[in-house]
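In: One predicted model, sequence on top.
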Amino acid sequence: MDVYEAVTSRRAVRGFTDEPVSREVLERVLSAAAWSPSGSNIQPWNIYVLTGALLVELKTRAVERVAHGDPWDEREFEMYPPALKSPYGDRRSAFGRERYSALGIEREDWEARQRAAIANWNCFGAPAALFCYIDRDLGRPQWADLGMYLQSVMVLLRAEGLHSCPQMAWSQVRETVAEVLSPPDGLILFCGMSIGFEDVTGTVSHARTGRAPLNETVTFVES
Ligand SMILES: Cc1cc2nc3c(=O)[nH]c(=O)nc-3n(C[C@H](O)[C@H](O)[C@H](O)COP(=O)(O)O)c2cc1C
């Protein structure tokens, strides 16, 4: 698979089969992703990989907790600014509209939206997941480094025939994640990532998200 195909075929997949992902493949992907750039090569990513019984335990705990309506853990970072100005707010609304209409969920049907959201904490059925932490003393440039690393992981997964879904939703139940992973004090959970083979037979929508036209996000400055 060439790089263009790997990048453009990556999407947030929200329905996986239970076919296991081997440790060998995960090690190969994570070893290659380690070549991602970071300012002064500080490599600020701290990754925990979870499969098997421990992942089942985490999913069970998280789904039960959310299904019981427990409140989220106190936030360690804001996922989005409270008022998302244009064009970001418009794009976010468009994404929500596309996602829920693909699932056949009415905008006002809060319960159905909640049910769809709960699938996050079941890793959308994926048999493998990683959790990406960063030291709380590090700053915005290092958080950007995490993004580069995570994109490398997702693109490399495509080269292995695998799919993924990055999920900040896991930060909302970070204490449940910490109960299972026992990360050292001082780390903040940025996101989880579900990893596996896409379930192409299921009822989950495979619709692609759109993108803003190039001239909305890129300016060529030429003489
Ligand atoms: C940092 C980050 C966090 C995300 N968190 C979630 C999440 O919690 N749940 C989810 O279903 N998708 C999540 N997504 C997926 C985005 O919704 C998705 O990437 C975006 O809509 C573009 O769609 P595409 O990835 O399919 O191209 C996240 C993506 C990123 C980069």
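Out: Yep, that arrived.
In: going forward, measure contacts between C-alpha atoms and count neighbours the same way
Out: OK.
In: all strands for this protein, in order.
Out: Listed from the start of the chain, the chain has strands (DSSP state E) covering 46-51, 128-135, 163-167, 187-196.
In: Same list, the ones you listed, but as TSV with mean neighbour count, distance to Arg75 and mean pLDDT please.
Out: Compiled in TSV, the strands of the chain are given as follows (neighbours: other CA atoms under 10 Å; distance: least, CA to CA, whole Å; pLDDT from 0 to 100):
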stretch	mean neighbour count	distance to Arg75	mean pLDDT
strand 46-51	16	19	98
strand 128-135	22	14	98
strand 163-167	24	15	98
strand 187-196	24	10	98
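In: Point to the residue nearest the middle of the chain.
Out: By CA atoms, centre = their mean, the chain has its centre lying nearest to Pro166, at 1.0 Å.
In: Need the contact partners of stretch 6-22.
Out: Stretch 6-22 has contacts (CA atoms under 8 Å, 6 or more residues apart in numbering) with 123-128, 154-156, 158-159, 163-166, 195-200, 202, 204, 206, 208.
In: if you look at those, which of them are in helices?
Out: Filtering those for membership in helices, criterion DSSP state H, returns 154-156, 158-159.
In: Show me the helices in the protein, by range?
Out: Applying DSSP H to the chain gives helices spanning 3-9, 23-33, 52-67, 88-102, 110-118, 140-159, 174-181, 214-217.
In: circling back to that earlier point, out of the ones in helices among the contacts of stretch 6-22, give me the two with the largest separation.
Out: The most widely separated members of the ones in helices among the contacts of stretch 6-22, counting by CA to CA, are Met154 and Ala159 (9.0 Å).
In: Who has more neighbours out of those two?
Out: For Met154 versus Ala159, the count of surrounding residues by other CA atoms under 10 Å is larger for Met154: 25 against 18.
In: Now the helix or strand of the chain with the lowest mean pLDDT: buried residues?
Out: Across the helices and strands of the chain, mean pLDDT, DSSP states H and E gives its lowest value to helix 110-118, namely a mean of 88. Within helix 110-118, the residues that qualify as buried by neighbour count (16 or more other CA atoms under 10 Å) are 112, 116, 118.
In: Chain neighbours aside, what residue packs nearest to the first one?
Out: Counting by CA to CA, 6 or more residues apart in numbering, Ala112 lies nearest to Ile105, which is 6.5 Å off, once chain neighbours are set aside.
In: Burial check on that neighbour, number of neighbours?
Out: The local packing count at Ile105 equals 16, with neighbours defined by other CA under 10 Å.
In: Pass me the low-pLDDT residue ranges in the chain, would you?
Out: Low-confidence segments of the chain, defined by pLDDT under 70: 203-206.
In: and it, which of its residues are near the ligand?
Out: 11-12, 120, 166-169, 208-209 (CA under 6 Å from any ligand atom).
In: Test my guess that the residue nearest to the centre of the chain contacts Met193.
Out: Yes: under the contact definition of CA atoms under 8 Å, Pro166 touches Met193, with a separation of 4.2 Å.
In: Noted, bye for now.
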